[in-house]
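K.L.:
have a look at this prediction, sequence included:
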Amino acid sequence: MKWINLLVVALAIAACEPTHRPTQQDVDSVIDQWLNLWATYDLDFLDDIFLQSESLTYFSSEKVGLIQGYDQMKPHHEGFGFVSSGKTPDKSLWLEALETRFYGESVMVAGIWYFGDKSLPKEEVQKGPVTFVLTQNDNGRLKIAHTHFANY
């Protein structure tokens, strides 16, 4: 009978463990999707990138205050000119100096964002630090749970 109890405990522990620990490839895929969002201004990509939860948080470098919850992401991006099916943006957004840290099921990515004309010197485009916190959703897919932009 003891072994049945041990089996039940082992199965319960296994059920609580994530089925897949995030890898650098998983992280790179999400960050690439986020960069594609900015390269296309396509609102339809939000679902694939951000955690669809009220616990999602986002600090913008352009607007004051905390954006709280997935339902606030679409209006925030619409305010920057994002549309369903996308459009060609006037400026480019890119990331450099990315650092990734793994914390179990969660991941932190920090780097420098640049926004402007890529042909200009870096001193002449908008830039600043950015931090992404990624976590797995209920289906085990890695999603952005928090983003924080700042300006230099």
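P.N.:
That came through, no problem. Every value quoted in this text rests on a predicted model; they were computed, and no experiment measured them. Numbering: from 1, shown residues only.

K.L.:
could you pull out the helices in this protein for me?
P.N.:
Ranges of helices in the chain, per DSSP state H, are 2-16, 24-40, 46-49, 73-78.

K.L.:
least reliable of those helices going by mean pLDDT?
P.N.:
Among these, helix 2-16 has the lowest mean pLDDT, at a mean of 41.

K.L.:
return the helix or strand in the chain with minimum mean pLDDT.
P.N.:
When each helix and strand of the chain is scored by mean pLDDT, DSSP states H and E, helix 2-16 comes last, with a mean of 41.

K.L.:
poorly predicted segments of the chain, please.
P.N.:
1-19 (pLDDT under 70).

K.L.:
80 instead?
P.N.:
Filtered on pLDDT under 80, the chain yields the residue ranges 1-20.

K.L.:
name the residue closest to the centre of it, please.
P.N.:
Ile144 (2.9 Å; C-alpha atoms, centre = their mean).

K.L.:
now that residue, nearest residue through space, not along the chain?
P.N.:
Phe50 (5.0 Å; C-beta to C-beta, 6 or more residues apart in numbering). Where C-beta positions appear, they are placed from N, C-alpha and C, glycine not excepted.

K.L.:
again with Gly116
P.N.:
Ranked by C-beta to C-beta, 6+ apart and with sequence neighbours excluded, the top spatial neighbour of Gly116 is Val125, at 3.0 Å.

K.L.:
pull the number of nearby residues for the one you found.
P.N.:
Neighbourhood size, Val125 [other C-beta atoms under 10 Å]: 18.
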